[in-house]
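Visitor: Whatever this is, show me its structure:
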Amino acid sequence: MPIPLPALAPKKETREKKPKEKPKNETSRKPPPVIILGVSISLLLLIIAGVAVLLIRRQNSADFWDGDSFFRELAAFDALYNDRTESNPVKAETLNRALDRLDKKTLGAESRLSVLKRRRVLARQDPRFVPAYRKAAEQSARALPFSEPLAVLAAESLLMKETKETRETEETGEAVPEKNAARLREYAAALTEARLRPAALGLYLLLGDFKSPERAGAIPNKEILYTAPAPETSSRSDPALAVDLALLRVLNGDLSGASSHISGLLRNPATRNPDTIRLAAEFFYDFGNPLRAAELFSLSSDEYGMARQADALWLSGRLSGARGLWTALLAPKVSPVGDDGAASPFSVPLKARGMYNLAATSEDTASKIEGMKRFLLEADPSSYHAYGIVCYTRLLKDDESVSLLEDEPTGDFLIDLELLRRREAAWSLDKMTAETWLLVNRYPQDPRIYQWGCYFFDHQRRYDETALLITQAAQYGIDAPSLALHESLALIREGLFDEAEQRLAEIADPLWQVPANRGRIREIRQDKGAALAYYQAAADIMKENIMKESAGEAGKDRRDTDIKEAKEKRNAAKVYYSISRCFRALGEEEKSRGALEQALQFDPDYLNARLSLERQPPPPPAGGT
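Guide: Coordinates of the predicted model:
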């Protein structure tokens, strides 16, 4: 019987899946037409609103400035202004209204300047529109405070006078109304560009800020302004402005220009007056022409002019003429009345000064002692008493002078310092150091104690004390050329040559130590040519100082004169020794020898110069090879 076979499983067929068919009764979902229409209308409204906002901002915002429209209207204004004729007159009011419309379309500084320049022309032709020009200029300067040309026009608009204001100014003689002074100073302070600095100086001149050292010192940016060219003035200028301009040239360091300007003031009848004469006399007194100063001081009829004339004659070496004027000051017939008829405020101190000068310039010590006794007994104690007691005690022996100084009431710096100096020989160095600091603490705001203390400590090689003293002076805001010199010497000792030379360059006073130490720095750096130039400049200053001492030595204490003159000559010998060293390094043996001989002329006992001269080869015989 056959065995039945198992049934085979049927083979599965792979079929592709077909997407489900939607039921016939189900339809596709679409948005209704009403919604589509609403969205379209909303988009259209948003576009219209955006365009409207842009148009509004284009009219009112500076971010959307229509430059083409502005320049078209500006050109139309120029054409309207230029086409004016007698047959085709254009009213100034019409031009002013056109400028008002242009003002509303300005954006930056350039467009504002374009409109203001046209307002300026219109205001100059018709003073009725000065207020409109002034208002527009002030608004522009306020809107753009860093635009210096706008500040110049705003300042000029304040100085431009209306008809009524001009008449009032001429009657009162007021150069600038007080109500405008603060704004003019504000505009002047904004002018820092080199081309506009003369305009700033001119504003300060008009405001009279150079009449007072305090006001001149408070001028902003004065460091850069005083280096600017001084503005010119005509011969018809206000004499007060002409005097200020002369002072400005002196501040600039333009002494030749100041001298020429002052001479012009004296020649011009419109500017020659007691003020300009006094200015010229003081200028020539300060800058090397004392005889000319004495001549100008003699034109003054008051006691001050007489006293200053005596000072100028003494400075020029005419001691007999000076003593004659000092004697005249003591005569009862001299009336203490100034040029204006008012009582002279100088009468009492000037008489005391004349008495002191007569005593100090006596030819012999006995006459000088008698003169100082008379001065101390008769002169007003508030007038130069400290100078008199110091001068008198220097004529006496040390013990007697110390006793007199100790009897004087304390509280006067000169007397206390003189007493400390007289005790230097008897006290130890430590005690002198301590007493010097006590004197510093007693007069902490007096620059003279710091100057003397730095000199004393440097002379005793107590450099740490010098540094402390300079630091304390800086804390009190005290700065003087001698302090700067000692500070530079400290920097040289520390090897900080760049800082030392920079500090020396800041010293404006003609001290021979300044070029001498700059030459010393250059010589250390092996720059012999530059060092030689600095040493020669120092030597020129020293020779001039020695000549001045010799010219006035008859009016000084012989002992003090001898000590000071010996010190000056000793220093001059050292400078010429340095000159010789530089000449020798440059191969100029003959000039080096001449400098050594010059050094020995100043100080025959200067051993270094003598030994160097002996080591140098003798000069070739005259006419030899």
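
Visitor: Show me the shaky parts of the stretch 151-300 of the chain.
Guide: Residues of the stretch 151-300 of the chain meeting the criterion pLDDT under 70: 162-177, 213, 222-241.

Visitor: rerun at 90
Guide: Judged against pLDDT under 90, the low-scoring parts of the stretch 151-300 of the chain cover residues 151-276, 278-279, 286-289, 300.

Visitor: ok, Cys536 touching Tyr576?
Guide: Just so we're on the same page, residue 536 is Gln rather than Cys. No: the pair Gln536 / Tyr576 is not scored as a contact, 9.5 Å apart, by C-beta atoms under 8 Å. No exception for glycine: its C-beta is placed from N, CA and C like everyone else's.

Visitor: Comparing those two, which residue is more hemmed in?
Guide: When Gln536 and Tyr576 are compared on other C-beta atoms under 10 Å, the one with more neighbours turns out to be Tyr576, at 27 against 17.

Visitor: neighbours of the closest residue in space to the more buried one that isn't next to it in sequence, just the number please.
Guide: By the measure of C-beta to C-beta, 6 or more residues apart in numbering, the closest residue to Tyr576 outside its immediate chain neighbours is Ala599, 3.8 Å from it. A total of 28 residues lie near Ala599 under the criterion other C-beta under 10 Å.

Visitor: backbone phi and psi for Ala599, please?
Guide: Ala599 has phi and psi values of phi -60, psi -40 when expressed as degrees, to the nearest 10.

Visitor: Please apply the same query to Ile478.
Guide: Backbone phi and psi, for Ile478 under degrees, to the nearest 10, turn out to be phi -100, psi 130.

Visitor: With Gln475 instead?
Guide: Backbone geometry at Gln475, expressed as degrees, to the nearest 10, gives phi -60, psi -30.

Visitor: Let me know the pLDDT of it.
Guide: Looking at Gln475, its pLDDT reads 90.

Visitor: Now do the residue nearest to Tyr576 against Gly324, distance only.
Guide: The spacing between Ala599 and Gly324, counted by C-beta to C-beta, to the nearest Å, is 41 Å.

Visitor: now the helices: where do they sit in the stretch 51-200 of the chain?
Guide: Assigned by DSSP state H, counting those that start in this stretch, the stretch 51-200 of the chain shows helices spanning 67-82, 92-103, 109-125, 130-143, 148-159, 163-172, 178-189, 197-207.

Visitor: I misspoke; the intended subject was the stretch 401-550 of the chain.
Guide: Counting by DSSP H, counting those that start in this stretch, one finds helices in the stretch 401-550 of the chain at the ranges 413-422, 429-442, 447-459, 463-475, 481-493, 497-505, 513-524, 528-551.

Visitor: What is the first one packed up against?
Guide: What it means is helix 413-422. Secondary structure elements in contact with helix 413-422, counted by 3 or more C-beta pairs under 8 Å, 6 or more residues apart in numbering; DSSP states H and E, are helix 385-394, helix 398-407, helix 429-442, helix 447-459.

Visitor: With the fifth one instead?
Guide: Packing contacts for helix 481-493, counted by 3+ C-beta pairs under 8 Å, 6+ apart, involve helix 447-459, helix 463-475, helix 497-505, helix 513-524.

Visitor: For Ala191, list the residues it contacts.
Guide: Not quite, residue 191 is Leu, not Ala. With contact taken as C-beta atoms under 8 Å, 6 or more residues apart in numbering, Leu191 is in contact with Glu148, Ala151, Val152, Arg197, Ala199, Ala200, Leu203.

Visitor: coming back round to it: of the helices and strands packed on helix 413-422, which approaches Leu511 most closely?
Guide: Set against Leu511 and scored by C-beta to C-beta, the helices and strands packed on helix 413-422 come closest in helix 447-459, at 12.0 Å.

Visitor: Dump the C-alpha coordinates for the closest one into PDB.
Guide: Extracted in PDB, the C-alpha atoms of helix 447-459 (Å, rounded to 0.1, in the frame of the first residue of the first chain):
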ATOM      1  CA  PRO A 447      59.000 127.500  47.600                       C
ATOM      2  CA  ARG A 448      62.200 129.100  48.900                       C
ATOM      3  CA  ILE A 449      62.700 126.600  51.700                       C
ATOM      4  CA  TYR A 450      62.500 123.700  49.200                       C
ATOM      5  CA  GLN A 451      65.000 125.500  46.900                       C
ATOM      6  CA  TRP A 452      67.500 126.100  49.700                       C
ATOM      7  CA  GLY A 453      66.900 122.600  51.200                       C
ATOM      8  CA  CYS A 454      67.600 120.900  47.900                       C
ATOM      9  CA  TYR A 455      70.800 122.900  47.400                       C
ATOM     10  CA  PHE A 456      72.000 122.200  51.000                       C
ATOM     11  CA  PHE A 457      71.300 118.400  50.800                       C
ATOM     12  CA  ASP A 458      72.900 118.000  47.400                       C
ATOM     13  CA  HIS A 459      75.900 120.000  48.500                       C
END
